[in-house]
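>>> would you be able to build a 3D model of this:
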Amino acid sequence: MKKIILKNSSFIFLLAGALACTNPKSSFIEEETRQPYETVGSIERLDSAINSLIPAGAEIEVLASGFEWSEGPLWLNDQSAVIFTDVPTNKIWKWSEEDSLSLYLEPSGYLGTETNKKEPGANGLALDEDGSLILCQHGERRLAKMNSPLSDPKAEFTALVSEFEGKKFNSPNDLVLNKSGQIFFTDPPYGLDDWNPKELDFQGVYRLDKDGSLSLLLDSLTRPNGIGLSPDQKILYIAQSDPQKARYYSFDLNENGDILGGRILLDATSSVGDKLPGLPDGLTVHSSGTLFASGPGGIWVISPEGNHLGTIKTGQGTANCTFDADETYLYITADAYLMRVKVK
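Numbering: from 1, shown residues only. Here you go, the predicted structure:
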């Protein structure tokens, strides 16, 4: 029986995976030992500029573990909590300092009955301007909105878009919204199964406008994955999870959200496989314009000019990250773990 282990500043809890589907809180087994969060890894500082972002002595704290592949962290400010997806198990979990870990939503990305699924759950998560949860649903091969409020989640969804020119998407992976409500998202093939074949002959980057119109922005990237916007929303960042072309791209946008041109911001290919697990994957952008992006070894800290300032070395294949509302902590999903690190 696989166990989800929850590290708490007061107690250690063990959550049996077989019971987690019904009521995770009821299956907590409280141990007598009191201890702080376990810490792992290290902070690699390659440029002094990182010191203005990550304080000296910052440690990587493990908040929970035992997931199949944790992804898509999203901060819910009203609940002072982070939610994140466990893609292979088709679940979304919620963690807060006050209430620890609980199951937030199941199913999250696949609503059918087929059991031969590799990555059926939701992946990237975001909030729209009305505070509704928007999900990249691998299993359903679409973008969708959860119909219920964040405070009372239910597995009832409205599809926003599921195909391009009459063909199903591959498996929408990650997304970001701008202030105008436009949704930019990537569509690599990681959520596809043999029984549910690929229909498009490319991996796209798209923009969905509020009126429902869909635009293909890019079809030239081999594995577009993580996506983010600069603070002024004039630059679109995309991470490519291709071990042969492991790169972070920067694309200039016009006022309509169309791409004007782009460049390779940073090429991480030479670091792939060098005893460093992981590839460019999910990313988030700090208010300073600095990128915090999954890469070989953990979270790469990258300046807007493309300089590699350092790495939050998790020791795991690292999927994604997000900040809380005031950028006090960076929450990290890394393989079987939920982690966080203090930031400035």
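
>>> the protein: helices as residue ranges?
Listed in chain order, the helices of the chain (DSSP state H) span 17-20.

>>> most centrally placed residue in it?
Geometric centre of the chain, nearest residue: Gly72, 2.7 Å, by Cα atoms, centre = their mean.

>>> surely it and Cys136 touch.
Yes. In this structure, Gly72 is within contact of Cys136 by Cβ atoms under 8 Å, at 7.5 Å. (C-beta placed from N, C-alpha, C; glycine too.)

>>> now do the shared contacts for these two.
Common contacts of Gly72 and Cys136, defined by Cβ atoms under 8 Å, 6 or more residues apart in numbering, comprise Ala122, Asn123, Gly124, Leu125, Asp174.

>>> which residues touch the nearest residue to the last one once chain neighbours are set aside?
With Cβ to Cβ, 6 or more residues apart in numbering as the criterion, Asp174 has its nearest non-adjacent residue at 3.6 Å, and that residue is Gly124. Contact partners of Gly124, counting by Cβ under 8 Å, 6+ apart, are Glu71, Gly72, Leu135, Cys136, Pro172, Asn173, Asp174, Leu175, Phe185, Ile227, Gly282, Asn320.

>>> rerun that using 6 Å as the cut-off
By Cβ atoms under 6 Å, 6 or more residues apart in numbering, Gly124 lies in contact with Gly72, Cys136, Asp174, Leu175.

>>> number of nearby residues for the second one?
The one in question is Cys136. 31 (other Cβ atoms under 10 Å).

>>> that one and Pro172, how far apart?
For Cys136, the distance to Pro172 (Cβ to Cβ, to the nearest Å) stands at 4 Å.

>>> one more: Thr115?
Applying Cβ to Cβ to Thr115 and Pro172 gives a distance of 22 Å.

>>> who has more neighbours out of those two?
Pro172 (30 against 6).

>>> so the more buried one touches His138, yeah?
No. At 7.5 Å, Pro172 does not count as touching His138 under the criterion of Cβ atoms under 6 Å.

>>> shaky segments in this structure?
Filtered on pLDDT under 70, the chain yields the residue ranges 1-35.

>>> remind me, longest strand of it?
strand 259-267 (DSSP state E).

>>> on that earlier part again, how about the contacts made by the residue nearest to the centre of the chain?
By Cβ under 6 Å, 6+ apart, the neighbours of Gly72 are Phe84, Thr85, Asn123, Gly124, Leu125, Asn320.

>>> switch the shared contacts of Gly72 and Cys136 over to JSON lines; also include distance to Ala334.
Putting the shared contacts of Gly72 and Cys136 into JSON lines (distance: Cβ to Cβ, whole Å) gives the following:
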{"residue": "Ala122", "distance to Ala334": "18"}
{"residue": "Asn123", "distance to Ala334": "15"}
{"residue": "Gly124", "distance to Ala334": "16"}
{"residue": "Leu125", "distance to Ala334": "17"}
{"residue": "Asp174", "distance to Ala334": "16"}
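
>>> among the residues you listed, which two are most distant?
Ala122 and Asp174 (10.8 Å; Cβ to Cβ).

>>> out of the two, which sits in the more crowded spot?
Set side by side, Ala122 and Asp174 show more neighbours around Ala122, with 33 against 28, by other Cβ under 10 Å.

>>> Gly273 versus that one, what's the distance?
29 Å.

>>> just Pro120 next, same as before
For Pro120, the distance to Gly273 (Cβ to Cβ) stands at 28 Å.

>>> go on, Leu46?
Separation of Leu46 from Gly273 (Cβ to Cβ): 20 Å.

>>> just Ala239 next, same as before
Taking Cβ to Cβ, one finds Ala239 at 17 Å from Gly273.

>>> neighbour count for those two, which is higher?
Ala239 (32 against 12).

>>> I'd say that one and Gly282 touch.
No. Here Ala239 does not reach Gly282: they are 7.2 Å apart, not a contact under Cβ under 6 Å.

>>> now do the shared contacts for these two.
By Cβ under 6 Å, 6+ apart, the residues touching both Ala239 and Gly282 are Gly226.

>>> hang on, the earlier thing: neighbouring strands - and their directions - for the longest strand of the chain?
Taking DSSP bridges as the criterion, strand 259-267 forms sheet pairs with strand 247-253 (antiparallel).

>>> identify the residues contacting Asp267.
Arg247.

>>> so what's it bridging to?
For Asp267, the beta-bridge partners under DSSP bridges are Arg247.

>>> show me how far stretch 204-222 is from its chain's centre.
Distance of stretch 204-222 from the chain centroid (Cα atoms, centre = their mean, to the nearest Å) equals 19 Å.
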